[in-house]
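[1] what follows is a predicted protein model with its sequence.
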Amino acid sequence: MKKVLLLVAALLVGAGLVFSSTIPAVQSFSLSIGRVPSANQISVKSRDLNLVCPGALQVSGGRSGAKLGAFSPLNTALVSTYANTATGAKFAASELGKSGAGAIPERVTAPISITAKDESGTADQGSKLLEANQIQLASESNIAGLAGTQCQKPSHDLWLIGGNTTVGREALLVLANPSAVDALLDIEIFNEAGKAEATGLNGFAVAANKTALLQLASVVPKSKSFVVHVSSRGGAVAAWVQQKVVRGLSATGVDYLSPDSGFATSQYLPGLLIRGTKSAAKLAKQNEDYADLVPSLRVFVPGSKLATVTAQILGSNAKSFGTVIQQTVGGRKLVDIPITGLADGDYVAVLNSTEPIAASISFSRTDAAKNPVSDFGLLVDAQAATDLRAIRVPSSGISKLSVVNGSKQTATVTLVNGSKRVSFKLNDAASKVVELTPGALVTVSSDQPVAASMVVDLNGAVTALPITDYKNAKGRVAVSVR
C-alpha cells in the first residue's frame, strides 16, 4: 500500500511539472503531499469588448403595413465608430444571424456585433478603445423622425425607463443576443400602479446570434408610461425600446430608448436642448393629440421605500431659465412629470433623491415649416466620471455636446473636438454646450466627475446619445489544487 501511495504521489508531481511547464498562468503553482496548499492568485484578462448596434428601424406590419406580427427593416442606419488600432487590438464586425466577420461597416440594415480582439489583454477598455453609435432619419408615411443610440455592451440585467403604448404610440422592444448560447429572459413591466401583470414574459427566448422583437402594446396596452426590466440567463443581450408616434395620419417622431446606466441617488441628464416651444404650443391648442410635446420627466424607484425626488432643470447659459420640481415616488413605481414653462434654450436635468432612482426625459423638436412638424428625443442618464471618454460625431447633421458638472467641486474640463482642444471650468451643477465638428473624434476628460451627452439635429429632427464608457473589468481569481 505504501508503494502504491508513493507511486501516486510521484505521478501527481509529474503531472504538476507538466502543467507548470506548458501553461504560463499556473507556473507559480506548487504541489505538496500531506497538507492543503494555499490558493494561488491568477490574473485574468478582460473579456474582449463587444458592442451591439440595433441596425435599421423596424416597421411593423411588414412592407405592406398590413401583416399582423410582421416586421421589416427600413433602409439603413449610419454607424459612426472609433476603433483604437494603436492599442494592438483587432476590430471586426459581424451581422447577427450570419456567420463570419469583416470590417466595421458604415451603413447597416441588420443588427451588428463589433468586437475589439485584444489577445494580449493589455489594452485599457472603454470608449477610448472602442466606441460606436448609429443614427437614422426616417421619412415614411408611417414612421418619421431621427432615431439614434449608442451601440451597447450586452448585459444580463437591463432597465429601460420609459415607453408609451397609447393610441398612435408604438413601443417595440428590440432584443439582440450576439453570444453563442441562447438567452432565456424574464421581462418585468412597471408603471404608476407598480408591477404590471402580464403573461408570456417569463422564459422569453432569444436564440444565439439572433434578434427578437416584442410589440409591447400586446403586453401593456394603452399605457402612457412604463419601465421594462430584462434579466437574462444564458447569453447576455442588448436591448432598446424603439418608440414612435403617429398623430392622426401623420408620423411625428421616432427614437430609441437605451438602458439606464445604473440606479443612484443622483442622476444627470445633459442634452435637454429645447426648440420650437411656440410652434408646439400652437399645435397643442389646435389638437390635443399634440399636448405631449411638452418635455416629460420619468422617474422610477426600484426599491420598496418611498423616495423624495428633487429635479433641477438648469439653463446652460444666462438666456435659459429653468425650474425646480419636487415629487414623492412610491417604491417599485414610476411617475411621469410634465416639465412646463421652459422657453427655447439649452438645459440639463440634475436629480437628487432620498433613495436610488433611474430617470429619463422625453423632449420635442417642433417646426411648423417642416414635414413632419415635430420629432422627439429620449434622454437617459449619463455616467459622471473623470476618465477620458470618446465619441465619434456623425458625418451628417448638426451635433452638440452638453456637459454638466456631477460633483460639488469646480471641475476643469478638457474637450478635444477633432483638431481643436479647449479647457473650461464648471461650477457645481453648471453646464456648457459646444458645437462639434461633423465626423470628428471627440474626447472629454476632467479633474472632477462630469456627465455628457451628444445631441444631433438633422433636418429639424433630433436625437440624443449619452457618452457611455462600456468596459469589462480585469480581475484575479484564487485557484487551489488538491
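    The structure has been received and is ready for your questions. Note that the coordinates shown come from a computational prediction; the quantities given were computed from them, not determined experimentally. Numbering: from 1, shown residues only.

[2] show me the contacts for R233.
    For R233, the contact set (CB atoms under 8 Å, 6 or more residues apart in numbering) comprises H156, A183, L184, L185, D186. Backbone N, C-alpha and C define where each C-beta goes, glycine included.

[3] try it again with 7 Å
    L184 (CB atoms under 7 Å, 6 or more residues apart in numbering).

[4] is it true that it lies in a strand?
    Yes - under DSSP: H, G, I helix; E, B strand; the rest coil, R233 sits within a strand.

[5] show me what it bridges to in the sheet.
    Beta-bridge pairing of R233, defined through DSSP bridges, involves L184.

[6] again, but for the one 5 residues further on
    The residues paired with A238 through beta bridges, assigned by DSSP bridges, are A176.

[7] touching, it and H156? I think so.
    No - using CB atoms under 7 Å, A238 makes no contact with H156, being 11.3 Å away.

[8] the two: who's more crowded?
    A238 (28 against 14; other CB atoms under 10 Å).

[9] for the more buried one, what are its contacts?
    Applying CB under 7 Å, 6+ apart, we find A238 in contact with V52, Q152, P154, A176.

[10] the residues you listed in helices, which ones?
    Cross-referencing the contacts of A238 against helices under DSSP state H gives no overlap.

[11] wait, which of those is closest to A138?
    Sorting the contacts of A238 by distance to A138 puts A176 at the head of the list, at 19.7 Å, by CB to CB.

[12] could you report the neighbour count for the residue lying closest to P221 once chain neighbours are set aside?
    In space, P221 comes closest to T165 once its chain neighbours are excluded; the distance is 5.8 Å by CB to CB, 6 or more residues apart in numbering. Residues within reach of T165, counting by other CB under 10 Å, total 21.

[13] so T165 makes contact with S225?
    No - applying CB under 7 Å as the test, T165 and S225 come out as separate, 9.5 Å apart.

[14] any low-confidence regions in this protein?
    Along the chain, the model assigns pLDDT under 70 to residues 1-43, 62-68, 475-482.

[15] residue contacts, the residue nearest to P221?
    Here T165 is in contact with A171, L216, A217, V220, P221, K222, S223 (criterion: CB under 7 Å, 6+ apart).

[16] Q150 and D48, how far apart?
    Going from Q150 to D48 by CB to CB, to the nearest Å gives 18 Å.

[17] can you check A138 too?
    Applying CB to CB, one obtains 33 Å for the distance of A138 from D48.

[18] more neighbours: those two, which one.
    Neighbours around A138 and D48, counted as other CB under 10 Å, are more numerous at A138. The numbers are 23 against 17.

[19] that one sits in which helix or strand?
    Here A138 is covered by strand 130-139, with elements defined by DSSP states H and E.

[20] center of the chain - which residue?
    Centre of the chain computed as the mean C-alpha position; nearest residue by CA atoms, centre = their mean is S258, 4.0 Å away.

[21] quick revisit: list the buried residues in the strand holding A138.
    When neighbours are counted by 16 or more other CB atoms under 10 Å, the buried residues of strand 130-139 are found to be L130, E131, A132, N133, Q134, I135, Q136, L137, A138.

[22] can you point out the buried residues in the biggest strand by length in the chain?
    Criterion DSSP state E: the longest strand present in the chain is strand 345-366. Judged by neighbour count (16+ other CB under 10 Å), strand 345-366 contains these buried residues: 345-351, 353, 355-366.

[23] one more: stretch 171-191?
    Within stretch 171-191, the residues scored as buried using 16+ other CB under 10 Å are 171-179, 182-183, 185, 187-191.

[24] pull the CA atoms of it into CSV?
    Taking Å, rounded to 0.1, in the frame of the first residue of the first chain, the C-alpha atoms of stretch 171-191 are listed here in CSV:
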residue,chain,number,x,y,z
ALA,A,171,-43.2,50.8,-28.4
LEU,A,172,-41.2,47.9,-29.8
LEU,A,173,-38.7,46.0,-27.6
VAL,A,174,-35.6,45.1,-29.6
LEU,A,175,-33.5,42.3,-28.1
ALA,A,176,-30.2,41.2,-29.6
ASN,A,177,-28.2,38.2,-28.5
PRO,A,178,-24.7,38.2,-30.0
SER,A,179,-23.4,35.3,-28.0
ALA,A,180,-23.0,31.6,-29.0
VAL,A,181,-25.6,30.4,-26.5
ASP,A,182,-29.3,31.0,-26.2
ALA,A,183,-30.7,33.7,-23.9
LEU,A,184,-33.6,32.9,-21.6
LEU,A,185,-35.2,36.2,-20.5
ASP,A,186,-37.5,37.2,-17.7
ILE,A,187,-39.2,40.5,-18.5
GLU,A,188,-41.0,42.7,-15.9
ILE,A,189,-43.1,45.8,-16.6
PHE,A,190,-43.7,48.5,-14.0
ASN,A,191,-46.0,51.6,-14.3
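
[25] which residue ranges of this structure form helices?
    With helices called from DSSP H, the chain shows them at 2-22, 277-286.

[26] what's near enough to touch the residue nearest to the centre of the chain?
    The contact partners of S258, by CB under 7 Å, 6+ apart, come to T149, Q150, Q152, W240, V380.

[27] okay but the fourth one is in contact with V230, surely?
    No - W240 is not in contact with V230 according to CB under 7 Å; the separation is 10.5 Å.
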